[in-house]
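Asker: Kindly return the folded structure for what I paste below:
(2 chains)
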Protein chains: 2
Amino acid sequence: MSHLENLLEFLRIPSVSANPDHKADVERAARWLEAKLAGLGFAAEVIPTPGHPIVYAEKMVSPSAPTVLIYGHYDVQPPDPLELWHTPPFEPVVRDGRIYARGASDDKGQVYAHIAAVENLGDGLGVNVKFLIEGEEEVSSVHLEPFVRANRERLQADVLLISDGSMYAPGVPSLEYGLRGLVYMEVRLEGAARDLHSGTYGGAAPNPVHAAAWMIARLKGEDGRVLVPGFYDAVRPLSEAERENFASLPFDAAAFARSIGADALPGEPGWGALERTWVRPTLDVNGIWGGYQGEGSKTVIPAKAGFKFSMRLVPDQDPHAIREAVTAYLHRILPEGYRMNVLYHGTGKPVVTDLESAPMRAAARALEQTWGRKPVFTRAGGSIPVVADFQELLGMPIVLLGMGLNDDNLHSPNEKFDLECFEKGIQASENLLRLLAQG
Amino acid sequence: MSHLENLLEFLRIPSVSANPDHKADVERAARWLEAKLAGLGFAAEVIPTPGHPIVYAEKMVSPSAPTVLIYGHYDVQPPDPLELWHTPPFEPVVRDGRIYARGASDDKGQVYAHIAAVENLGDGLGVNVKFLIEGEEEVSSVHLEPFVRANRERLQADVLLISDGSMYAPGVPSLEYGLRGLVYMEVRLEGAARDLHSGTYGGAAPNPVHAAAWMIARLKGEDGRVLVPGFYDAVRPLSEAERENFASLPFDAAAFARSIGADALPGEPGWGALERTWVRPTLDVNGIWGGYQGEGSKTVIPAKAGFKFSMRLVPDQDPHAIREAVTAYLHRILPEGYRMNVLYHGTGKPVVTDLESAPMRAAARALEQTWGRKPVFTRAGGSIPVVADFQELLGMPIVLLGMGLNDDNLHSPNEKFDLECFEKGIQASENLLRLLAQG
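Answerer: Now for the predicted structure:
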């Protein structure tokens, strides 16, 4: 079977980690990887966790050869809203040179590119390769950190290679050296014990939707500033070198807005859109609900309302300190007459990696060989929570080799992965593994 | 069949006017009434409208006899959230002396009480009776006003009798002489053209959930004051007599809060809960949505969000003037970078009726005969939009004879109607029709 056919088979498994109904599918995706890697001569296993399992596989070609640890994830985001997909999310199709499916770019396509590279190298593989592929990245990798902590020895390597990101632009090979951290929380509010008639009770009954709106307006102001006291205190100032590097990157704000179908790019004053997504922390409500959502009108005062929200953090913000500050603030701004329940959905530390490490230089050469041009060095707005854990626990150099594109519709309907990104990703991985073998 | 058995049969028809899936059921409820009234010797018909049909029936005993026009509605609120019902909303059960079903109190039970009274009086009926029972009261009676306007002659009567409300307290017969008006609107917001990854785009992408929260916080402040400029300008001051009447009514705010399972009764400063629900206008969000509402976490910036909200108005606020002011205000407070669509879901004028009319005095006597005590005179927080239209178009005295109780769970799960309210309602209607016949 071709690499593409293999990937399409992988994409057909609806491994949605956030939805308990898909638990068996997530397990199936892990088994699929185990079988695939075993077939390539890896010692592969599916390791259970209290949540979804971890796939670990290693192929040791020689004790003296350098070792590469490749991390990725086989779980995917929920596909909803389903009605906006042009073709079903788990029936992958190749259209106009693109693979359309949930997980095509995030992260099954990028994970499989490395597997394909190893397969292409065959007996020519000159480095020891360890695959660590988790099933909980989209639900904050809650059980990976303990695993890494408990398996330091086993995971030892000379470089950690991660492909779970995007190139700066089509045809522009990129190396990411920074990721934002994450704190994901949920607020549930209750006013009365039951829904009430908005006529009979309007004016006297608590309305938790208003409480939610007041609180959200106090979390982030209309100017885009997060209003939680101390939120920005630990933010590391942007260096001149970085500011210049960002300024040197081609960026067209109007084109960026058009690319997402937005009329404007509202955000924190004093910073450009690139900086606001890479080096500034932010807060976004990811979902809200309460009362009647059906057709027409229903004159009800809802008993309950709730919202999920997440913050993206940058060095040196500490996720747990931020979460505590936000929780305390939520209790302070909770209006009188409402019962509140605050839920935690996991955290991730922000990270910046060493631009000057030998593996980073090798990666730059590998990309140049693949694309015929030098890569640009970028940071990313997204989070891969485990990267900071790896950095702390294993201390090895990290290379973030993003293969996707910013318009891949990650976490949205019609997620896609360009065939060129897939093929060049395989070549880049092959070239890098060759260069690393030469030491 | 007993009156109760007839009512239960009526309640089994899921005539949910807000939900297009129930169009046929709404029609079925209209046909059921037509057959029932025809069986009692009424000239009955189901009159189509661009929406749901109107049931009109009349029984003329004598040209010289007084004529009573009885208005009610056979449509009901949507039953969701279904999971909170102890028994299915459209499988009525009698438990502990109460009839549990959607529509039991609002308004099928009260409508049927009048039909039962006419049946009991049989040949003893001394007044001409006209029934006007609509199927769109829960969706703002959009097509009734044109019908009334076009049928002024046909609807002529000496009194308009309406039972679509509550008694002040259990065992306390009440006559309502005021109703609040209504303006129901919906706001739909769009930021980007698709849902976006909150990491990649967080900080630069518009988030319509925040826009909704900012706007809701600008519609009503945390102190309960509506912030739309001019909103309170036309509000008629409360008279001393009314203030004293309200003060004379037994009211226990703590017990009221307990009765709805609320810790507090937040609202406009300077007014008691009774005044805030009867004689002060208010604004409540009835529903809100946007982004991920499922289990766990999804790191998405939603492309769309929306909310439904309604205002309860008091004399002399004009619904159309208020709606225009709110629409203009919404456009003023819409943050930059969002597309907004404002929808209208109907309006209703506030109304106060004449306490001294002959029919009102007859109604007071009828209630005293029924309950053995004089009724109290109250106003209501709810709206019956058509009442103001009747007042303007037909100019006849209006009697609001509420048979339900405040804890009937109108518009909520487990709506109920006490058997005593049903039986006393039938007697009160009989007594009133007798007294009116005596002129």
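
Asker: What strand or helix carries the residue lying closest to A:Lys424 once chain neighbours are set aside?
Answerer: Take A:Lys424 and drop its neighbours on the chain: the residue closest to it by C-beta to C-beta, 6 or more residues apart in numbering or on different chains is A:Thr370, 5.5 Å away. Glycine gets a C-beta too; all of them are placed from N, C-alpha and C. Using DSSP states H and E, A:Thr370 sits in helix A:358-371.

Asker: Next, see if the next helix or strand after that helix gets close to chain B.
Answerer: Using DSSP H and E, the helix or strand that follows helix A:358-371 towards the C-terminus is strand A:376-379. No - figure legend: strand A:376-379 not in contact with chain B (C-beta under 8 Å from any C-beta of the partner chain); closest approach 11.4 Å.

Asker: Same check on stretch A:317-330?
Answerer: No - Stretch A:317-330 lies out of reach of chain B by C-beta under 8 Å from any C-beta, never closer than 13.5 Å.

Asker: May I see the buried residues of that stretch?
Answerer: By neighbour count with 16 or more other C-beta atoms under 10 Å in any protein chain shown, stretch A:317-330 contains the buried residues A:317-319, A:322-323, A:325-326, A:329-330.

Asker: could I get those residues as CSV with distance to A:Val235, secondary structure and pLDDT?
Answerer: Below are the buried residues of stretch A:317-330 laid out as CSV (distance: C-beta to C-beta, whole Å; DSSP: H, G, I helix; E, B strand; the rest coil; pLDDT from 0 to 100):
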residue, distance to A:Val235, secondary structure, pLDDT
A:Gln317, 6, coil, 97
A:Asp318, 11, coil, 97
A:Pro319, 13, helix, 96
A:Ile322, 11, helix, 98
A:Arg323, 16, helix, 98
A:Ala325, 13, helix, 98
A:Val326, 15, helix, 98
A:Tyr329, 17, helix, 98
A:Leu330, 21, helix, 98
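
Asker: Regarding stretch A:308-323, how distant is the last residue from the first?
Answerer: Stretch A:308-323 has its terminal residues 14 Å apart, counting by C-alpha to C-alpha, to the nearest Å.

Asker: err, stretch A:309-326, not the other one
Answerer: One end of stretch A:309-326 to the other measures 11 Å (C-alpha to C-alpha).

Asker: Give me the distance from that stretch to the chain's centre.
Answerer: Centre-to-centre, stretch A:309-326 and its host chain are 16 Å apart (C-alpha atoms, centre = their mean, to the nearest Å).

Asker: Give me the packing partners of the helix holding A:Thr370, helices and strands only.
Answerer: strand A:159-162, strand A:174-179, strand A:398-400, helix A:419-437 (3 or more C-beta pairs under 8 Å, 6 or more residues apart in numbering or on different chains; DSSP states H and E).

Asker: at 10 Å instead, please
Answerer: Where contact means 3 or more C-beta pairs under 10 Å, 6 or more residues apart in numbering or on different chains; DSSP states H and E, helix A:358-371 is packed against strand A:159-162, strand A:174-179, strand A:376-379, strand A:398-400, helix A:419-437.

Asker: Quick check: buried residues in that helix?
Answerer: Of the residues in helix A:358-371, those buried (16+ other C-beta under 10 Å) are A:359-360, A:362-364, A:366-367, A:369-371.

Asker: Looking at those, spot the one nearest B:Arg225.
Answerer: When these are compared for distance to B:Arg225 (C-beta to C-beta), A:Met360 wins out at 58.5 Å.

Asker: what residues are up against A:His22?
Answerer: By C-beta atoms under 10 Å, 6 or more residues apart in numbering or on different chains, A:His22 lies in contact with A:13-16, A:28-29, A:52, A:75-76, A:78.

Asker: Top of the residues you listed by number of neighbours, please.
Answerer: Compared across the contacts of A:His22, A:Val76 has the highest neighbour count, 32 neighbours, by other C-beta atoms under 10 Å in any protein chain shown.

Asker: before we move on, the earlier item: which members of the contacts of A:His22 additionally contact chain B?
Answerer: A:16, A:78 (C-beta under 10 Å from any C-beta of the partner chain).

Asker: by contact count, what packs against the host helix or strand of A:Lys23?
Answerer: If you go by DSSP H and E, A:Lys23 is part of helix A:23-39. Secondary-structure packing of helix A:23-39 (3+ C-beta pairs under 10 Å, 6+ apart): helix A:3-11, strand A:43-47, strand A:54-59, helix A:109-121, strand A:128-134.

Asker: Could you pull out the buried residues of the second one?
Answerer: With burial defined by 16+ other C-beta under 10 Å, the residues of strand A:43-47 counted as buried are A:44, A:46.

Asker: Parallel or antiparallel, which strands does it pair with?
Answerer: Strand A:43-47 has its sheet partners listed here by DSSP bridges as strand A:54-59 (antiparallel).

Asker: Distance check, A:Gly224 against B:Gly337.
Answerer: Distance of A:Gly224 to B:Gly337, given as C-beta to C-beta, to the nearest Å: 10 Å.

Asker: Just give the closest residue to the residue of chain A most remote from its centre, not the sequence neighbours.
Answerer: Residue farthest from the centre of chain A, counting by C-alpha atoms, centre = their mean, is A:Thr200 at 46.9 Å. Leaving aside its sequence neighbours, A:Thr200 sits nearest to B:Gly381 (C-beta to C-beta, 6+ apart; 4.9 Å).

Asker: does the one you found count as helix, strand or coil?
Answerer: Secondary structure state of B:Gly381, per DSSP: H, G, I helix; E, B strand; the rest coil, is coil.

Asker: what about the nearest residue to A:Lys416 once chain neighbours are set aside, distance to B:Thr327?
Answerer: Residue nearest to A:Lys416 in three dimensions, not counting chain neighbours: A:Arg98, with 4.4 Å by C-beta to C-beta, 6+ apart. The gap separating A:Arg98 from B:Thr327 is 43 Å, by C-beta to C-beta.

Asker: same question, A:Ala264
Answerer: Note on A:Ala264: its distance to B:Thr327, by C-beta to C-beta, is 22 Å.

Asker: contacting residues for A:Phe309?
Answerer: Contacts of A:Phe309 by C-beta under 10 Å, 6+ apart are A:183-187, A:215-216, A:219-220, A:283-288, A:326, A:345, B:198, B:207, B:209-210, B:291, B:297.

Asker: In the stretch 1-150 of chain A, what residue lies closest to chain B?
Answerer: Closest residue of the stretch 1-150 of chain A to chain B, C-beta to the nearest C-beta: A:Ala18 (3.9 Å).

Asker: hmm, back to that, do you know the pLDDT at the residue nearest to A:Lys416?
Answerer: Confidence at A:Arg98, expressed as pLDDT, is 98.

Asker: What's the separation between it and A:Asn409?
Answerer: A:Arg98 sits 10 Å away from A:Asn409, going by C-beta to C-beta.

Asker: Look at these two and report which has more neighbours.
Answerer: A:Asn409 (23 against 19).
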